[in-house]
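Student: Sequence first, predicted model second:
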Amino acid sequence: MSVLTLHPDQLFNLDETLSCGQVFRWDRTMDGWWYGIVGGHVIKIRQDKNRLTFTGVPASFIRRYFSLDMNIAEILASIDSDPFIHACIRRHRGLRLVRQPPWECTVSYICSTNSNIPTIRRRIASLAERYGRPVAFEGKRWYAFPEPSSISCGGHDGLTECRLGYRQSYVFGTSCLVPDEKIWEKTVRKLSYDCAHKELMGLHGVGSKAADCILLFAFQKYDAFPVDVWIRRIMQEHYLPDLTLDAPLTPREYAMIRRFAREHFGEYCGWAQEYLYAGRVG
DNA sequence: GACCAGGAAGAGT
DNA sequence: ACTCTTCATGGT
């Protein structure tokens, strides 16, 4: 077991961070331990006030994955633009955006469309179990998230048992478009927000919202502001009363909401989005 | 059984 | 560039 002691003003809440809906492969036990698998490493971690106790990866990995190197007091101050977001920040203080592996994140959000979090989690777990490399940890078998070639080499029909529904062909098609996940990641990382967004939209099953999630959670484009049905409702209720909720979200409405969020919350509006989402009811 | 879920693609206009 | 329809699955 390793221990990492947080600085007194180093704001971090492990529970908020892992249960807010940004990640799909972490589980909490009754006695407060979190288990997850990231980049092929099984991680076991818990937080007791300022003390993080963990095993599976070095401290440098933990620091990077949980963005502990970022001064979130400054970020929270910058997005704290009104009473509502202020209340969200206070309620979920210490929530940090993590740095997800981009390929896994991409497939996760392809699998997320028109779905809910428990179902998404089951799909990702199913993909890993079917195609991922097994990893032994505490006498149990875990599965790394598979590379694109591992998914595509089984053929389109190999995916059927993962029960992705109509997303099956999207996952297969996108896996074929990304021969090497490391090269792909490097390419996207060099791009500006706009270019990266267009690039991601070129993948099967990745639209505007999924692209924004991938940019925010995996590429640290903190000005991305994903708009899903929850965020749309929250924005209508608290910021944009003229929005209508009865019709499907159009590309124009999406762009308008995103533009408003950037102006209102600033360059870290993606962090604001996650604090708003964390406070959703339902 | 209707309705909803961290939407997107394709066809038609 | 817009609108409408369809898409497969699981939960409530």
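Tutor: Okay, I see it.

Student: Tell me the spacing between the residue in the stretch 101-250 of chain A positioned nearest to DNA strand C and A:Arg93.
Tutor: As assessed by Cβ to the nearest atom of the strand, DNA strand C sits closest to A:Gly165 within the stretch 101-250 of chain A, at 2.6 Å. To be clear about C-beta, it is placed using only N, CA and C from the backbone, and glycine gets the same treatment. Plainly put, A:Gly165 is 37 Å away from A:Arg93 if you go by Cβ to Cβ, to the nearest Å.

Student: Any stretches of chain A with poor pLDDT?
Tutor: Residue ranges of chain A with pLDDT under 70: A:282.

Student: mind redoing it with 50?
Tutor: Counting by pLDDT under 50, not a single residue of chain A qualifies.

Student: Show me what from it comes close to DNA strand C.
Tutor: A:114-116, A:118-119, A:122, A:163-166, A:247-248, A:250-252 (Cβ under 7 Å from any atom of the strand).

Student: Now stretch A:199-219: buried residues?
Tutor: For stretch A:199-219, burial by neighbour count (16 or more other Cβ atoms under 10 Å) applies to A:199-200, A:203, A:205-206, A:208-219.

Student: ignore the last one, stretch A:119-138
Tutor: Neighbour count says stretch A:119-138 has A:120-121, A:123-128, A:130-132 buried, by 16+ other Cβ under 10 Å.

Student: Could you find the closest non-adjacent residue to A:Phe172?
Tutor: A:His156 (4.7 Å; Cβ to Cβ, 6 or more residues apart in numbering).

Student: Next: A:Thr187.
Tutor: A:Glu199 (7.7 Å).

Student: right, and that neighbour touches A:Lys190 too?
Tutor: No: the criterion here is Cβ atoms under 8 Å, and A:Glu199 misses it with A:Lys190 at 10.2 Å.

Student: re the thing from before, measure how buried the residue of the stretch 101-250 of chain A closest to DNA strand C is and give me the count.
Tutor: By other Cβ atoms under 10 Å, 14 other residues sit near A:Gly165.

Student: try A:Arg189
Tutor: Counted with other Cβ under 10 Å, A:Arg189 comes out at 13.

Student: circling back to that earlier point, list, out of the residues of chain A next to DNA strand C, those positioned next to DNA strand B.
Tutor: Answer for the residues of chain A next to DNA strand C near DNA strand B (Cβ under 7 Å from any atom of the strand): A:114-116, A:119, A:166, A:248.

Student: Now flag whichever of those is closest to DNA strand B.
Tutor: A:Asn116 (3.0 Å).

Student: just how off-centre is stretch A:215-223 within its chain?
Tutor: 9 Å (Cα atoms, centre = their mean, to the nearest Å).

Student: Quick one: end-to-end length of it, please.
Tutor: End-to-end distance for stretch A:215-223: 9 Å, by Cα to Cα, to the nearest Å.

Student: right, and the helix or strand after the longest strand seen in chain A?
Tutor: The residue-count maximum for a strand in chain A (DSSP state E) belongs to strand A:41-48. Scanning forward in sequence from strand A:41-48 by DSSP states H and E, the next helix or strand is strand A:51-55.

Student: So which bits of the helix or strand following that next one are buried?
Tutor: Scanning forward in sequence from strand A:51-55 by DSSP H and E, the next helix or strand is helix A:59-65. Within helix A:59-65, the residues that count as buried by 16+ other Cβ under 10 Å are A:62, A:65.

Student: ok, and what's touching helix A:59-65?
Tutor: In this structure, residues lying in contact with helix A:59-65 by Cβ atoms under 8 Å, 6 or more residues apart in numbering are A:2, A:4, A:38, A:41, A:43, A:45, A:52, A:54, A:57, A:68-69, A:98-99.

Student: Closest one of those to DNA strand B?
Tutor: Nearest member of these to DNA strand B, counting by Cβ to the nearest atom of the strand, is A:Val98, at 10.7 Å.
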